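Enquirer: got a sequence here, can you build the structure:
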Amino acid sequence: MWISSIVPVRKKNGQIRHEALSFMDGSSGYNQIRFAPADEELTAFRTPKGIYCYKVMPFGLKNASATYQRAMQKIFDGMLHKNVECYVDDLVVKSKKLENHFHDLRKVFERLRRYQLKMNPSKCVFGVTSEKFLGFIIRKRGIEIEQAKIDVILKMPEPRNIHELKSLQGKLAYLRRFISNLAGRC
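Expert: The predicted structure is shown next:
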């Protein structure tokens, strides 16, 4: 999934689409989603000390990320694709004008408080014009690849077998958006 709508690209009239960005990460995201009491027994597990059930969503459940994403879409309904983007537990707050960014952040924090969700302060960055997000760099001129990801591919030895070839194809597929006519080249 690409969240390309957050890319602050200059319009034809020279204005920047988003002057300020803030990036936030949910603190133990999945564990903040409470199960309905009737669903708790579906997570039962046995230990030498007895049988237990989860009260909150643990990591590792098959549908955990989809459930979390649905919860975030419900929580930020009306804000998504306007001034908020979310990808599971990663949030981006984007403001067209720097002077509106504080107001936009306040609305996001009000929603987080209403639903008792916490963010990890050590992974949050506020009011910036560029930052790493989902393995890419978001800048005023668009989305860029981290140089380290390019270096990994450049330093790979030539594939010697089908497994190594598939590994290379997977790495290139991750970067396909940045390689014109990739399908025609491979």
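
Enquirer: which residues make contact with the longest helix along the chain from outside it?
Expert: Looking across the chain with DSSP state H, the single longest helix is helix 98-114. Under the criterion C-beta atoms under 8 Å, 6 or more residues apart in numbering, residues 19-20, 22, 24, 75-76, 79, 83-84, 91, 93-95, 118-119, 126-127 lie in contact with helix 98-114. (Each C-beta comes from the backbone N, C-alpha and C, glycine too.)

Enquirer: just the ones in helices from those residues, please.
Expert: Per DSSP H, these map to helices at residue 75.

Enquirer: among the contacts of helix 98-114, which ones are in strands?
Expert: 20, 22, 24, 84, 91, 93, 94, 95, 126, 127 (DSSP state E).

Enquirer: of those, closest to residue 168?
Expert: Within the ones in strands among the contacts of helix 98-114, proximity to residue 168 (C-beta to C-beta) peaks at residue 91, which comes in at 33.0 Å.

Enquirer: next up, the contacts around that closest one.
Expert: By C-beta under 8 Å, 6+ apart, residue 91 lies in contact with 23, 24, 25, 26, 72, 84, 85, 108, 119.

Enquirer: same check on residue 93?
Expert: Residue 93 neighbours (C-beta under 8 Å, 6+ apart): 21, 22, 24, 83, 84, 101, 104, 105, 108.

Enquirer: returning to what we had before: selection in PyMOL covering whichever of the contacts of helix 98-114 are buried, please.
Expert: With 16 or more other C-beta atoms under 10 Å as the burial test, the buried ones among these are selected in PyMOL as follows:
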select buried, resi 19+20+22+24+75+76+79+83+84+91+93+94+95+119
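
Enquirer: follow-up on the earlier one: nearest to residue 179, of the contacts of residue 91?
Expert: Out of the contacts of residue 91, the member with the shortest distance to residue 179 (by C-beta to C-beta) is residue 85, at 24.2 Å.
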